[in-house]
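**Q** I would like the atomic coordinates for the input below:
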Amino acid sequence: MDEILRGSYAAPRWSLWPPNAVRVITWNIDRGSRLSEVIDFLASQNGDILLLQEVDLNARRTKRRNVAEEIARKLEMNYVFGFEFQELTQGSRADPAFHGQATLARWRIGNSRVLRFRRQSSFWRPRWFLPDTPPFQERLGGRIALIAEIEMLGRKLVSHNLHLESRGNNDLRISQLNEVLDEAGKYSPQVPTLVAGDLNFDVARVLPESSLQGFRSAVGLPSPHTTAPRGLFSRGRTIDWAYVSGAVEISGGCVHGDVNASDHYPISFTLRFS
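**A** Numbering: from 1, shown residues only. I've put the predicted structure just below:
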C-alpha cells in the first residue's frame, strides 16, 4: 500500500531556464465519477501542478478506470499516485480496487513517497457483521499525504497532497496535519512548499495562524466554502485548503464555486518565484 504508481506523459519542454511562475490546482474530484467534466475543467485552467484527492483506481463505480492515468494522458502531464485505501466493496481479491491521491506536473516528479498517518480512524475497517456492499465502504489502509518533489530545470518545489480523516474529531485531523507540517519542516525554509488538499475541517476557525509554521493561505482568509450544499437549507463547508511556504509570491487565489464536476470545488492559484 505504500507503493507509488507513476506515469510519464508530459510533452518535451524546450526551455533552458526554469519557469518564473507556475499555476497550481488542488481538488477533491469525488473519485472521478464525472471524469470527462473534471478533465474539461482542468484543461481549461492550463495548470502546471495538480493535487487531486479521492482518485479511483480499478473501482466498479468508475468503470475500472485508472483515473489518474487518464487525466495525465489527456493533459500530457507526469503523475504519481499514492494508495490511501483498498476499496473492498469495489473490487475482488483477484482484481482489487483502490482509492488515493494523485499529483500531476508538467515536469519530472522525483522522490515521491507516502506518509501514512500514525493516528487513524477505525471507522472504515471491515467487520464480520457488515454486508459486503458499497454503502458500507469497507476498506483496508488509512489516510495519507502524498509527498512529491517537482523538479523544474534546476528549481524544486515540494508538494504535500493530503486527505485528512472525515470520521472522528478535529483532534485526530489536527494530529494528522501536524505530521505533515513536521515533514514539511525538514526542507530548507527557502524551498517552495505546498501543503494542500481535503483537510475535512475549517482550519481558519480551529487553528491559530501561528500553528501553521510559516505557511500562508493561497486563497486568503476568510476562505469561501469549498463544498457544494448537501440540501436546500444547508450551506457548503470550508474544508479544502492550500498553504504555501518558501521564496514564492502567491496571486490569483480562487475557489471555483461554479464547477459542478464534484461535490468539492477546485482551488487554483499562481506561484511566482522570488
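
**Q** Just the helices from the stretch 101-250 of the chain, written as ranges.
**A** Using DSSP state H, counting those that start in this stretch, the helices of the stretch 101-250 of the chain run over residues 170-184, 203-206.

**Q** Buried deepest among the ones you listed, which one?
**A** helix 170-184 (a mean of 19; mean count of other Cβ atoms under 10 Å). C-beta coordinates here come from the backbone N, C-alpha and C atoms, glycine included.

**Q** now that one: mean pLDDT?
**A** In this model, helix 170-184 carries a mean pLDDT of 96.

**Q** Could you list the residues in contact with that helix?
**A** 115, 117-119, 121, 143, 145, 147, 158, 160, 162, 164-165, 193, 195, 199-201, 203, 206-207, 212-213, 215, 245 (Cβ atoms under 8 Å, 6 or more residues apart in numbering).

**Q** Recalculate using a threshold of 6 Å.
**A** 115, 117, 119, 145, 160, 162, 164-165, 193, 195, 200-201, 206, 213 (Cβ atoms under 6 Å, 6 or more residues apart in numbering).

**Q** Could you give the separation of that helix from the chain centroid?
**A** 15 Å (Cα atoms, centre = their mean, to the nearest Å).

**Q** Mind pulling up the pLDDT for Pro135?
**A** Value for Pro135, per-residue pLDDT: 68.

**Q** cool, and Gly220?
**A** Looking at Gly220, the pLDDT reads 86.

**Q** Report the separation between it and Gly231.
**A** Distance, Gly220 to Gly231, by Cβ to Cβ, to the nearest Å: 28 Å.

**Q** just Gly214 next, same as before
**A** 39 Å.

**Q** neighbour-wise, which of these two wins?
**A** Using other Cβ atoms under 10 Å, the more surrounded residue of Gly214 and Gly231 is Gly214, with 14 against 6.

**Q** quick revisit: can you tell which of the helices of the stretch 101-250 of the chain is closest to Asn78?
**A** helix 170-184 (21.7 Å; Cβ to Cβ).

**Q** quick one, strands of the stretch 1-150 of the chain?
**A** 4-8, 21-31, 49-57, 78-87, 98-105, 108-116, 139-141, 144-152 (DSSP state E, counting those that start in this stretch).

**Q** would TSV of these with mean pLDDT, distance to Leu271 and mean neighbour count be doable?
**A** TSV is the format used below for the strands of the stretch 1-150 of the chain (pLDDT from 0 to 100; distance: least, Cβ to Cβ, whole Å; neighbours: other Cβ atoms under 10 Å):
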stretch	mean pLDDT	distance to Leu271	mean neighbour count
strand 4-8	97	23	16
strand 21-31	98	5	23
strand 49-57	98	9	27
strand 78-87	98	18	24
strand 98-105	98	13	27
strand 108-116	96	16	17
strand 139-141	95	31	18
strand 144-152	97	11	23
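
**Q** Appreciated, that's everything.
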